[in-house]
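> missing the sequence, but the structure's below:
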């Protein structure tokens, strides 16, 4: 046999001496530096010595550390393979012998060989190229194998990478059985009291690429009970094994593994308490356990392509499986819809690849994700509603500025025209349509829950009594409207106008749901919830509520649409017959009032809308409505007003209206200009009339700074947004009030007059 030592790189064992050589060289350079008369040369030599010391110290530590690691690996391999029946060697990566077991000495002799090539010389005809190839494959892949003859007997050479610097060489003789095939060998190992492996049978060593040191490295769970089944994976072979444990004397335990027959293994797979699919490389479901068959409506033994079971992945299921077999999609769950389900059923599928040495398979773990998708849809819907609400609030704010300018200048024109003038009727039409536009903007703000509410204590019976005439006209002759009130009905705190709008919307919807006529009942009563009451997606907290129910006998609402009826622009009516804002507006008003609104419907029998409003024992107090008409006979007002408004048309109208009332008006288009006017100590300012939202600094911000030098100044805030959106900032400012946009000339002058009359 040819010696291959020259073809394998030389061993790095001598590298351990290099740190000592570096230290010696550093000391020598330092000694020479003391005898050199030239300071510059001496400094260079000392610097070189220091660098060598800095390099040699960590290098020496690394060498010692790696040496300690290799020693631990050597001790472990010797303890596991000392009783191995197979001839076993351990070498370094360069083929230099480190250890051999007694079986190797018996097979190859006890010659003092220093390399694997020398140990095999004369017994195995292994050329240099074969040893080099096996070594390279083992270093790259972790293992390699080769069949060969030793003394005319067939052997299997198995190489394993042990740690990072050791190769394990095992020569296993093939033992033919009576039938001429390989005979079975026992899969056994012994462990001590701490679970450390002290011995493994040759047959078990054949299945294990890297013999572990502890039982935990071989079994997923320690064998605490005898005859416990467990799925094991040896050298890319996954199978179910029975595990038997018995004492082996001197504190040792012996563990025997026995492969479960295929039919028993299938039974175990079928009763695993997790839905599982086994998929081959063609994308066919080759096996499905009991729970998976129930989940996906599969018949026992049915073979079906995976893409026929799932949809909605967003790409081809075959491409996804190909990524799984390549290792790119493993462990990343995907949620898909089950195709065979009668209702929406979403399944979370996680792929894991399984190799059995011959064919490659994929195991799919299934999980019912329908509830997760439902919660996700609710979250998306909530985000969408919030975004639309913000948009509606912003649009309403801009429209309120426009409507303030339109209606305000219209009021100025009406002051100069008598009812008999030719243009008076046209101006009245402009004013009425501006008011209608303001009502539409109010609906947008109601949907976004940002309208300006004027809550007061209300008796629902009085509200419905006042609405009776209007509601009877709205429902027509074919619909009968009736009311049923609880004698002990409690008060509610709400905006009267907005609550009336909600009731009118619900009654009109009930009328439209009964094209052939029918009965609409409006029921009010007091109800007390001892525990939270679930409704649809929310719960009504425990407490006392005033309940309003609007019940019709109409066509009803389908189940798949009733969850969407409160969405903006969604309507169950025909095209052109509904705006889709009625119920969304009602929803916004009720929620801003602190209540809840729900709908229950049965197709062909009717629908019931229920409104829960917090009940109160306070008496009803009707708020006085101020007279908004302009009284020209009132005495002229006195005082100076600083008007701050970034919208020029609104500022022009407000300035003219206050000047006509008798006030001196100073104008500013932003907060910075207003503060500049306030710094003029000669300027007399009795009141600030300012917009809230402006470019740069907002109204409350500049007003707080101005009040530091003018503390007694009255403040009127104007805004197209709801007062509640900045109520906290307003409460911190004394002598302040709020004027919602759009406002009329009378609204503006009355509010400013009221501020000047305050003590």
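Yep, it's here. Quantities reported herein were computed from a predicted structural model and do not represent experimental measurements. Numbering: from 1, shown residues only.

> who are the neighbours in contact with the spatially closest residue to residue 586 that is not a sequence neighbour?
Nearest residue to residue 586, sequence neighbours excluded (C-beta to C-beta, 6 or more residues apart in numbering): residue 502, at 4.4 Å. Every residue, glycine included, has its C-beta placed from N, CA and C. Contacts for residue 502 were tallied using C-beta atoms under 8 Å, 6 or more residues apart in numbering; they are 585-586, 589-590, 611.

> Over to residue 516?
residue 478.

> Could you rerun that using 10 Å?
478-479, 553-555 (C-beta atoms under 10 Å, 6 or more residues apart in numbering).

> Buried among those residues? Need that as a selection in ChimeraX.
This is how ChimeraX selects the buried members of these, with burial counted by 16 or more other C-beta atoms under 10 Å:
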select :479,553,554,555
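
> I'd like the contacts of residue 516 as a markdown table, with pLDDT appended.
Shown next, in a markdown table, are those (pLDDT from 0 to 100):
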| residue | pLDDT |
| --- | --- |
| 478 | 87 |
| 479 | 90 |
| 553 | 91 |
| 554 | 89 |
| 555 | 87 |
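
> In strands, which of the contacts of residue 516 appear?
residue 479 (DSSP state E).

> which one of the contacts of residue 516 is nearest residue 338?
Within the contacts of residue 516, proximity to residue 338 (C-beta to C-beta) peaks at residue 555, which comes in at 32.6 Å.

> show me the contacts for that closest one.
Counting by C-beta under 10 Å, 6+ apart, residue 555 has contacts 512-516, 572, 601, 603-607.

> Can I get the buried part of the residues you listed as one ChimeraX selection?
Of the contacts of residue 555, the buried ones go into a single ChimeraX selection, burial set by 16+ other C-beta under 10 Å:
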select :512,513,514,572,601,606,607
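
> Name the next helix or strand downstream of whichever strand or helix holds residue 80, please.
Element membership for residue 80 (DSSP states H and E) is helix 39-81. Following helix 39-81 in sequence order, the next helix or strand is strand 87-91 (DSSP H and E).

> Now do the next helix or strand after that next one: everything it contacts.
Reading on from strand 87-91 to the C-terminus, the next helix or strand found by DSSP H and E is strand 97-100. For strand 97-100, contacts defined as C-beta under 10 Å, 6+ apart pick out 70, 73-75, 77-78, 81-82, 87-92, 104, 107-108, 110, 112-119, 165-169.

> Provide a PyMOL selection command restricted to the buried entries of the residues you listed.
Typed into PyMOL, the line below selects the buried ones among these, using 16+ other C-beta under 10 Å:
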select buried, resi 70+73+74+77+81+87+88+89+90+91+92+104+107+108+113+115+116+117+118+119+165+166+167+168+169
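
> residue contacts, residue 651?
Contacts of residue 651 (C-beta under 10 Å, 6+ apart): 405, 643-645, 665, 667-669, 689, 691.

> Repeat that for residue 86.
Counting by C-beta under 10 Å, 6+ apart, residue 86 touches 101, 103-104, 107, 155-158, 169-173, 202-203, 205-206.

> Among the residues you listed, name the ones in helices.
103-104, 107, 202-203, 205-206 (DSSP state H).

> Quick check: phi and psi on the nearest residue to residue 406 once chain neighbours are set aside?
Closest residue to residue 406 apart from its sequence neighbours, by C-beta to C-beta, 6+ apart: residue 434 at 4.9 Å. Residue 434 has phi and psi values of phi -60, psi -40 when expressed as degrees, to the nearest 10.

> Pull the number of nearby residues for residue 434.
Neighbour count for residue 434, taken as other C-beta atoms under 10 Å: 21.

> Please name the residues that touch it.
Contacts of residue 434 (C-beta under 10 Å, 6+ apart): 402-411, 742, 744.

> which of the residues you listed lies closest to residue 660?
Nearest to residue 660 among those, with distances taken as C-beta to C-beta, is residue 411, at 10.4 Å.

> ok, that closest one touching residue 746?
Yes: counting by C-beta atoms under 10 Å, residue 746 is a contact partner of residue 411 at 7.4 Å.

> Neighbour count for these two, which is higher?
Set residue 411 next to residue 746 and count neighbours by other C-beta under 10 Å: residue 411 wins out with 21 against 16.

> mind listing what the more buried one touches?
427, 431, 434, 630, 653, 657, 743-748.

> okay, the spatially closest residue to residue 705 that is not a sequence neighbour: pLDDT?
Spatial nearest neighbour of residue 705, chain neighbours left out: residue 675 (6.4 Å); criterion: C-beta to C-beta, 6+ apart. Looking at residue 675, its pLDDT is 91.

> circling back to that earlier point, so which of the contacts of residue 651 sit within strands?
Mapping the contacts of residue 651 onto strands (DSSP E) picks out 643-644, 665, 667-668, 689, 691.

> And these, which two are furthest apart?
665 and 691 (14.9 Å).

> more neighbours, the two?
Neighbour count, other C-beta under 10 Å: between residue 665 and residue 691, residue 691 has more, with 24 against 17.

> does that one have beta-bridge partners, and which?
residue 718 (DSSP bridges).

> wait, what's in contact with it?
401, 643-647, 650-651, 654, 669-671, 698-699, 717-720, 741.

> Recalculate using a threshold of 8 Å.
Taking C-beta under 8 Å, 6+ apart, one finds 644-647, 650, 699, 717-719 in contact with residue 691.

> go on, residue 490?
Per C-beta under 8 Å, 6+ apart, neighbours of residue 490: 526, 544, 546, 615-617.

> Just the buried ones from those, in ChimeraX syntax?
Listed next is the ChimeraX selection for buried residues among the contacts of residue 490, using 16+ other C-beta under 10 Å:
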select :546,615
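
> circling back: put together TSV for the contacts of residue 502, with distance to residue 707 on each row.
Converted to TSV, the contacts of residue 502 look like this (distance: C-beta to C-beta, whole Å):
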residue	distance to residue 707
585	38
586	41
589	35
590	38
611	43
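
> Looking at those, which are in strands?
residue 611.

> Please tabulate the contacts of residue 502 in a markdown table, including the columns pLDDT and neighbour count.
Putting the contacts of residue 502 into a markdown table (pLDDT from 0 to 100; neighbours: other C-beta atoms under 10 Å) gives the following:
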| residue | pLDDT | neighbour count |
| --- | --- | --- |
| 585 | 77 | 25 |
| 586 | 84 | 26 |
| 589 | 82 | 28 |
| 590 | 88 | 24 |
| 611 | 93 | 25 |
